[in-house]
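Asker: requesting a structural model of the entry that follows:
(one chain, ligands or ions: 1)
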Amino acid sequence: MAKILIVLFPDPVGGYPPNYARTGLPEITAYPNGDTLPTPKALGFTPGTLLGCVSGNLGLKDWLEAEGHTVVVTSDKNGPDSVFERELPDADIVISQPFWPAYLTADLIEKAKKLKLVVTAGIGSDHTDLNAANAKGITVAEVTYSNSIGVAEHTVMQVLVLVRDFVAQHRLSVAGAWNIADAVTRSYDLEGMRVGVFAAGRIGRAVMERLAPFDVKLSYTDRFRLPGEYEEKLGLEYKESIHELVKDIDVLCVHAPLTDETRGLLNDELLGTMKRGAYIVNPARGAIADRDAIVRALDSGQLAGYAGDVWEPQPAPADHPWRSMVHNAMTPHTSGATLSGQARYAAGTREILESWFEGTEIRPEYVITQGGRYSGTGAHSYADEPENDGKNS
Ligand code: NAD
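Answerer: The predicted model follows:
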């Protein structure tokens, strides 16, 4: 029997369960590339309910305990006295979400002598030191595609929010004002703008497909070039590098994983090569951007706006400068945590656990590290020398 440590965000301030705005979720039968949705043998929750908080427990606790496992669910995750660090040394499995990540550093992995499986309930496993996980032969898995479309929708929303200057206009409206002149001095149409997408994976492609009908000019870069007919259908221009990509675009959307290669990439130097008044939307990872360089570029007018929903660290401290910098349209890390996304990644987490306990293969698209090496999606999207699994086609 295993000890499973589940780190989740705290319950709603108003108590659990909340009052839901709607009942149920629309039916989705497959992901855009034909991959099937999660297929666990059973669900321990009602889709459309809040699952990612402690009381929601991803719908896993009753099932795991009935199977004889020991389950600890907590939101207390930071520092040596936290429940997470105290319970870690004899845990076999750790589960957390990128929205409230349990940071598994190399030091903590060293202390977690029994750890064999780390599951990201969601997408993006950079909160685990993946090289340290490989060194210890720990399997890291995530629920690939579970919330990619939700993040793409959030990205399109934030592009429009920035370009049209929605936040300032909304504030005037709430304040009882009607000063149209003030409201429109930073407001533009998206039509005709050049939009560049950094990394054309599941999210990047979904963003380009959703933005193409706005009659924008799309360009992208990725370690793997997309097929010619796909580029032609959306009118995409391929650029060899992010440096080439950012030169003449009006809007940059960032959808690469956080790796040694992408950390700190959006720095003073790169931002300085962009057109004055460009916008950036980054729902990938906060650490891909240099925090203070973004603030400087907004202050100087080099950037006209910055949005996204990812911060470093998470939760972001109350005095994080991105909360108050000018022309920001930040949200807390919510784009992939809709009730719709939660239902899919909770089901996918259960599917991964079922495979693990049965000793059957975890779907390759869910696997980041296995047997001491990057594997599956990890080999494609995280490894220094990536393997093309054809998933960009
Ligand atoms: P994906 O694996 O489908 O795509 C990642 C793409 O990045 C791949 O096409 C890969 O080739 C490319 N890539 C990797 N390193 C690169 C580099 N150095 N230069 C250029 N391209 C590179 O993943 P996805 O589902 O599209 O998600 C992308 C990222 O978005 C995740 O890793 C995660 O960090 C983030 N994410 C955020 C949320 C959220 O809620 N905000 C939710 C899901 C994912």
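
Asker: give me every residue in the stretch 51-200 of the chain lying close to the ligand.
Answerer: 122-124, 147-148, 151, 199-200 (C-beta under 6 Å from any ligand atom). No exception for glycine: its C-beta is placed from N, CA and C like everyone else's.

Asker: in helices, which of these fall?
Answerer: Within these, residues falling in helices by DSSP state H are 148, 151.

Asker: and Val140, its phi and psi?
Answerer: phi -120, psi 130 (degrees, to the nearest 10).

Asker: circling back: from the residues of the stretch 51-200 of the chain next to the ligand, keep the buried residues only.
Answerer: 122-124, 147-148, 151, 199-200 (16 or more other C-beta atoms under 10 Å).

Asker: between those residues, which is nearest Ile180?
Answerer: Ranked by distance to Ile180 (C-beta to C-beta), these are led by Val151 at 33.4 Å.

Asker: show me what contacts that closest one?
Answerer: 203, 255, 283, 335-336 (C-beta atoms under 8 Å, 6 or more residues apart in numbering).

Asker: quick one: pLDDT of the closest residue to it other than its chain neighbours?
Answerer: With sequence-adjacent residues excluded and distances taken as C-beta to C-beta, 6 or more residues apart in numbering, Val151 is closest to Ser335, at 4.5 Å. You'll see Ser335 listed with a pLDDT of 98.

Asker: and the residue of this protein closest to the ligand?
Answerer: Gly201 (1.7 Å; C-beta to the nearest ligand atom).

Asker: wait, that residue sits on Ser381?
Answerer: Yes: Gly201 is in contact with Ser381 according to C-beta atoms under 8 Å; the separation is 6.3 Å.

Asker: so which of these two has more stuff around it?
Answerer: Comparing Gly201 with Ser381 by other C-beta atoms under 10 Å, the one with more neighbours is Ser381, at 27 against 24.

Asker: follow-up on the earlier one: I'd like the residues of the stretch 51-200 of the chain next to the ligand written out as a markdown table, with pLDDT and distance to Gln158 added.
Answerer: As requested, these are exported to a markdown table (pLDDT from 0 to 100; distance: C-beta to C-beta, whole Å):
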| residue | pLDDT | distance to Gln158 |
| --- | --- | --- |
| Gly122 | 98 | 19 |
| Ile123 | 98 | 18 |
| Gly124 | 98 | 17 |
| Asn147 | 98 | 15 |
| Ser148 | 98 | 16 |
| Val151 | 98 | 10 |
| Ala199 | 98 | 17 |
| Ala200 | 98 | 18 |
